[in-house]
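Undergrad: any chance you can model this:
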Amino acid sequence: MWLSHIAANQAILQRCLALPTVGKARRALISLSIGISLFVVFSVYSGLVIYAKYHDCDPVYSQAIRKVDQILPYTVMDLANSVPGFPGIFIAGVFSAALSSMSTMLNSMSGVILQDFIRPLWGQRPLSELAASTIMKTIVVLIGSLCVAMTLIVDRLGAIIQVSRTLSGITAGASLGIFVLGMTVPWLNAKGVLYGGIASLFSAGFVAFGSQHALRSGTLRFANRPLSVDGCLYDFPATNATLNHEAVEEAFWVFRISYLYLTVVGFVTMAVVATIVTWITGPNDLSKMNPDLFSPYVQFLFPKKQQIPTDEANGVELKLLQKAAEAGE
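TA: Just a heads-up that it's a prediction; the model follows:
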């Protein structure tokens, strides 16, 4: 999942292209990997602390919160309420991180729309820097307003994190497959990539929407950790909800695949279908392929006269990245 968000993410790629050398891009990605690892560790630790705190007074069942997604801010307000200013700093940090990520994605999306849709429609006439800047700003305002308006709908979809990861996982596998196979499998042809991408979207979408339907219909439920309300020190209205659910086996086994594995499902489908279609329609002739466009680690697959040294390949890679960055400006 994290590989798709890093290796096949438009915002990450644009940030890497903005760096002057490949070495600095590598160091930036290493720093990012360390940060993600720490984020995962702290998330797991936070989950353990939250369960230890509320295992005998479930805030969802006691109606202190409406959804499980609200458990972290509720915990911060509950535990750190006595520390002056800390809850405000936490909420400000969450909003700042959300707006920062949203800003990055909006800038990336506006650049893609300008380069791939507006410039071709513009024709042969040159697009001035002022006009390009105005168009990109307009796109950011429109899409940003739509994103903010969509929060009113997302709030009613249940588990926000699961829904967002599910929707992104449908396309993440295909995107990751196109990037990885395109750089490492030189004999893969365009038809294989096309049909592999379509099959990846259909397979991941089938699993995603099928599991969501099973969850909504009640045929798929998962067991929670043991919870109770015996330790609650406040009164709350009684409900008929149950604290623990046993998994129901009526749902098709494919729909019981976790939404966190949708990227894997899409990537594997992409690789298998693309390979099969390529061999049916005929693989690329490696003698006619440009080795500069592929990873240095697969140079040995090309005929000896076409191979380029690893250092030179890195230099060519940097030049190609710089040209791509200039083309995107």
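
Undergrad: quick check: Ile135 vs Cys16, distance?
TA: 24 Å (CB to CB, to the nearest Å). Just so you know, the C-beta spots here come from the backbone N, C-alpha and C atoms, and that holds for glycine as well.

Undergrad: ok, now Gly218?
TA: Gly218 is 45 Å from Cys16, by CB to CB.

Undergrad: so the two - more neighbours on which side?
TA: Counted by other CB atoms under 10 Å, Gly218 and Cys16 do not tie: Cys16 has more neighbours, with 19 against 11.

Undergrad: what sits closest to that one if chain neighbours are left out?
TA: Excluding the flanking residues, the one nearest Cys16 by CB to CB, 6 or more residues apart in numbering is Ala25, at 4.5 Å.

Undergrad: and the helix or strand hosting that neighbour, which residues are buried?
TA: Ala25 is part of helix 22-54, with elements assigned from DSSP states H and E. Judged by neighbour count using 16 or more other CB atoms under 10 Å, the buried positions of helix 22-54 are 25, 29, 50, 54.

Undergrad: with stretch 185-205 instead?
TA: Quick answer for stretch 185-205 (16+ other CB under 10 Å): 185-186, 188-189, 192-193, 195-197, 199-201, 203-205.

Undergrad: pLDDT wise, what is Leu293 at?
TA: On the pLDDT scale, Leu293 is placed at 85.

Undergrad: likewise the one 10 residues further on?
TA: Here the pLDDT value assigned to Pro303 is 80.

Undergrad: could you do Thr138 as well?
TA: For Thr138, pLDDT reads 94.

Undergrad: which helices and strands does the host helix or strand of it pack with?
TA: Using DSSP H and E, Thr138 sits in helix 129-154. Contact partners of helix 129-154 among helices and strands, from 3 or more CB pairs under 8 Å, 6 or more residues apart in numbering; DSSP states H and E: helix 86-113, helix 160-184.

Undergrad: what's the first helix or strand after the last one?
TA: What it means is helix 160-184. Next along the chain from helix 160-184, counting by DSSP H and E, comes helix 190-217.

Undergrad: next one: that next one to chain centre, how far?
TA: Distance of helix 190-217 from its chain centroid, counting by CA atoms, centre = their mean, to the nearest Å, is 16 Å.

Undergrad: does anything pack onto whichever helix or strand comes after that helix? Which helices or strands?
TA: Later in the chain than helix 190-217, the nearest helix or strand by DSSP H and E is helix 262-281. With contacts taken as 3+ CB pairs under 8 Å, 6+ apart, helix 262-281 sits against helix 2-7, helix 160-184, helix 190-217.

Undergrad: neighbours of Arg216, how many?
TA: By other CB under 10 Å, neighbour count at Arg216 equals 10.

Undergrad: any idea how far it lies from Val193?
TA: Arg216 is 34 Å from Val193, by CB to CB.

Undergrad: and for Thr263?
TA: Counting by CB to CB, the separation of Thr263 from Val193 is 17 Å.

Undergrad: just the CA trace of stretch 219-228, in PDB.
TA: Only the C-alpha atoms of stretch 219-228 are listed here, as PDB (Å, rounded to 0.1, in the frame of the first residue of the first chain):
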ATOM      1  CA  THR A 219     -23.400 -10.700   5.700                       C
ATOM      2  CA  LEU A 220     -19.800  -9.700   6.500                       C
ATOM      3  CA  ARG A 221     -18.900  -8.700  10.100                       C
ATOM      4  CA  PHE A 222     -15.700  -8.900  12.000                       C
ATOM      5  CA  ALA A 223     -15.000  -9.600  15.600                       C
ATOM      6  CA  ASN A 224     -13.800  -6.700  17.700                       C
ATOM      7  CA  ARG A 225     -11.500  -6.900  20.700                       C
ATOM      8  CA  PRO A 226     -13.400  -7.600  23.900                       C
ATOM      9  CA  LEU A 227     -15.100  -4.500  25.100                       C
ATOM     10  CA  SER A 228     -17.600  -3.500  27.800                       C
END
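
Undergrad: and that stretch, what's buried?
TA: 220, 227.

Undergrad: roughly how far is that stretch from the heart of the chain?
TA: On CA atoms, centre = their mean, the centre of stretch 219-228 falls 27 Å from the chain's centre.

Undergrad: just stretch 99-106 next, same as before
TA: Relative to its chain's centre, stretch 99-106 lies at 14 Å (CA atoms, centre = their mean).

Undergrad: name the surrounding residues that touch it.
TA: 10-11, 15, 140, 143-144, 147 (CB atoms under 8 Å, 6 or more residues apart in numbering).
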